[in-house]
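Trainee: sequence plus predicted model, see below.
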Amino acid sequence: MDSESDRLALLEWEEVSAVEPSLATEVNEKCPRVTTVSSGALGRIVPGAGWSSSPGEAVPFEATSSDTAVITDKMTNSWVGRNDFNQQKGGQYVTSRRESEWNRREQDQVLAVFVVTFDTRSGNMLEWCLPQEFNLDGVEFKSMASGSHRISSDFVYFRKESYFGLACFANLPVESELERGARMKSVGILSPSYTTLYHHMTFLENQVRNQLRCPGEYSALEAFFEQRKGLLPERAAWDKTVPAVPAPKHFMTPEMKVTHPAGCVSQFLQFFGEQVMVLWKFALLRRRILIFSPPPVGVVCYRVYTCCALANVPLPGISRGLPPFRPFFYVNVTDIQTRQLSYVACTTERIFEEKKHLFDVYVDNQNVWTHRESLRPLLRLTSSDREKYKRLQEKRKRLVWDPSFTEEELFILFFSELNTKIFQPLLEVASSVDRALTEQHVRRMGLDPQADHKFLVDILETYGIDVMLMINTSCCL
């Protein structure tokens with residue numbers, strides 16, 4: 001399978017507490033879990049959802065302007081019913097682990113476990129599953145990506161209706177004419193949340209190898225499902241007092257938690273380079289982004305997730321009325337009939353390139369393009385785009401002597417602040433008497449009044465912000 005550093009836990013706009021000791025054997029020890037609070041955040045995180053789910057609702061909050069956020073009485077009151085707080089010395093608060101542990105266990109339910117095999121006559125087939133009555137139509141294609149026969153192993157994140165799946169694939173050479181010299185299988189699970197799927201990565205890797213060596217031996221999978229199936233214990237069982245943990249110390253919102261080791265963001269930036277700023281603009285505009293890449297597809301699923309993180313705008317109500325924006329991960333031909341307003345997904349199938357009604361932006365390895373004439377001006381990097389990217393790279397270099405941040409924390413913080421810097425002035429102007437957005441405002445947003453005019457207009461239209469543009473663009477005509 002992939003190297004240890006490639007096994008990443010995925011971030012979601014919600015709290016996820018630490019992994020329980022009983023799962024220690026399944027969790028990659030190189031996956032530190034960090035909780036941080038955003039000093040620049042002014043409200044709730046934008047709720048997100050995948051290709052076909054309904055949007056979630058986050059809880060409003062306020063944060064201080066200091067580098068180390070202090071949870072205030074106002075924040076405590078706004079979180080009643082979601083987080084328990086205990087007052088400590090100095091007026092600071094710490095969160096109780098009881099509620100977050102309950103929420104994590106609820107997310108960490110395993111709703112189904114399955115084995116998919118490749119049959120030389122019938123193609124991909126669902127070989128075995130629990131529970132047998134669970135509708136797993138289509139997972140035989142989602143869990144074994146097209147083109148996987150060319151590689152020895154892989155993993156894939158995917159979406160099945162309102163659930164998320166993780167499957168590990170392996171290809172074993174065998175001396176069998178019936179199997180045409182190769183035995184290929186995937187072992188996977190479904191869960192309500194993608195943030196906890198990585199807990200089971202090692203187990204799934206071991207089980208797919210076991211299925212290749214001993215086909216039809218499902219006892220370990222049966223025991224796994226019985227232990228973790230989606231039947232939660234009585235809530236009263238979790239009402240015991242649990243020692244409190246310190247308040248988050250950095251600047252991300254409490255709903256965001258970076259849970260993966262160094263590598264995911266670094267690979268994303270190295271792969272796309274300055275094109276990250278082009279993807280940022282399309283993600284912020286909630287456009288449908290489809291990433292094509294040949295197998296292995298696991299690392300491409302991480303690009304999907306990282307691309308979604310670019311669009312985080314931590315301001316209250318900014319995304320109200322917009323389609324949800326959340327990773328949909330791997331898609332294939334079975335999803336062609338599914339049409340959504342906003343998503344980021346990846347595929348190994350070239351046929352999607354011809355289905356232009358399904359996407360706005362197509363990413364072929366490192367080539368980002370769009371078939372929509374109205375979006376093509378955004379493919380050009382502006383001077384302000386390059387300046388932002390240069391600033392991001394400079395901040396990354398400082399991590400060498402400032403270990404207080406991980407690269408993932410820095411990445412999320414950078415784009416969250418970047419987006420806040422754009423939207424905060426827009427909201428202020430929209431609530432003013434004259435609603436006049438001047439060149440001075442635009443420069444304060446970090447944008448070029450002329451070169452970024454198209455991007456700015458698209459932001460106003462996408463988010464429904466009512467302002468009067470007082471910018472002379474005659475030099476750009």
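Mentor: Perfect, thanks for sending it.

Trainee: hang on, R320 is in a strand, isn't it?
Mentor: No - assigned with DSSP: H, G, I helix; E, B strand; the rest coil, R320 falls outside any strand and is coil.

Trainee: for it, phi and psi?
Mentor: Main-chain torsions, R320, degrees, to the nearest 10: phi -60, psi 130.

Trainee: ok, now the one 10 residues further on?
Mentor: Listed backbone geometry of Y330 is phi -80, psi 130, with angles given as degrees, to the nearest 10.

Trainee: pretty sure it sits against F158.
Mentor: Yes - using C-beta atoms under 8 Å, Y330 is in contact with F158, at 4.6 Å. C-beta here means a position set from N, CA and C on the backbone, and glycine is covered the same way.

Trainee: residues shared between the contacts of the two?
Mentor: Contact criterion C-beta atoms under 8 Å, 6 or more residues apart in numbering; residues shared by Y330 and F158: K142.

Trainee: now F155, what's its secondary structure?
Mentor: strand.

Trainee: give the contact list for it.
Mentor: With C-beta under 8 Å, 6+ apart, F155 has these contacts: 1-2, 166-169, 201, 204-205, 298.

Trainee: any idea how far R183 is from the closest residue to E179 other than its chain neighbours?
Mentor: Distance criterion C-beta to C-beta, 6 or more residues apart in numbering; nearest residue to E179, sequence neighbours excluded, is T120 at 6.3 Å. Distance from T120 to R183, counting by C-beta to C-beta, to the nearest Å: 10 Å.

Trainee: of these two, which one has the most company?
Mentor: Neighbour count, other C-beta atoms under 10 Å: between T120 and R183, R183 has more, with 18 against 12.

Trainee: just checking, next helix/strand downstream of the one helix or strand that one maps to?
Mentor: Here R183 sits within strand 182-191, counting by DSSP states H and E. Going down the chain from strand 182-191, the next helix or strand is helix 201-213, by DSSP H and E.

Trainee: okay, that following helix in PDB with CA atoms only?
Mentor: C-alpha atoms of helix 201-213 as PDB (Å, rounded to 0.1, in the frame of the first residue of the first chain):
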ATOM      1  CA  MET A 201      -7.200   2.400   7.000                       C
ATOM      2  CA  THR A 202      -4.700  -0.100   8.400                       C
ATOM      3  CA  PHE A 203      -7.400  -2.700   9.100                       C
ATOM      4  CA  LEU A 204      -8.800  -2.400   5.600                       C
ATOM      5  CA  GLU A 205      -5.300  -2.800   4.100                       C
ATOM      6  CA  ASN A 206      -4.700  -5.900   6.100                       C
ATOM      7  CA  GLN A 207      -8.100  -7.400   5.300                       C
ATOM      8  CA  VAL A 208      -7.800  -6.900   1.500                       C
ATOM      9  CA  ARG A 209      -4.500  -8.700   1.600                       C
ATOM     10  CA  ASN A 210      -6.100 -11.400   3.600                       C
ATOM     11  CA  GLN A 211      -9.000 -11.700   1.100                       C
ATOM     12  CA  LEU A 212      -6.400 -12.200  -1.700                       C
ATOM     13  CA  ARG A 213      -4.600 -14.900   0.200                       C
END
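
Trainee: any idea of the mean pLDDT in it?
Mentor: For helix 201-213, mean pLDDT rounds to 95.

Trainee: that one packs against which elements?
Mentor: Under the contact definition 3 or more C-beta pairs under 8 Å, 6 or more residues apart in numbering; DSSP states H and E, helix 201-213 sits against strand 153-160, strand 163-173, strand 182-191, helix 219-228.

Trainee: ok, which of these comes nearest Q337?
Mentor: Judged by C-beta to C-beta, the one of the helices and strands packed on helix 201-213 that comes nearest to Q337 is strand 153-160, at 14.5 Å.

Trainee: which residues in this protein form helices?
Mentor: Taking DSSP state H as the criterion, the chain carries its helices at 73-78, 97-107, 139-142, 201-213, 219-228, 264-272, 275-284, 298-309, 383-398, 407-430, 439-444, 453-463.

Trainee: now do the buried residues in the fifth one.
Mentor: Along helix 219-228, these residues count as buried under the neighbour rule (16 or more other C-beta atoms under 10 Å): 221, 224-225, 228.

Trainee: contacts for it, please.
Mentor: With contact meaning C-beta under 8 Å, 6+ apart, helix 219-228 is reached by 108-110, 112-113, 115, 128, 130, 187, 203, 207, 210.

Trainee: got the CA positions of it in CSV?
Mentor: Output in CSV follows, covering the C-alpha atoms of helix 219-228 (Å, rounded to 0.1, in the frame of the first residue of the first chain):
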residue,chain,number,x,y,z
SER,A,219,-14.7,-13.9,10.1
ALA,A,220,-12.4,-10.9,10.9
LEU,A,221,-14.7,-8.6,8.9
GLU,A,222,-17.8,-10.0,10.7
ALA,A,223,-16.2,-9.4,14.1
PHE,A,224,-15.1,-5.9,13.0
PHE,A,225,-18.6,-5.0,12.0
GLU,A,226,-20.2,-6.4,15.2
GLN,A,227,-17.8,-4.3,17.3
ARG,A,228,-18.3,-1.0,15.3
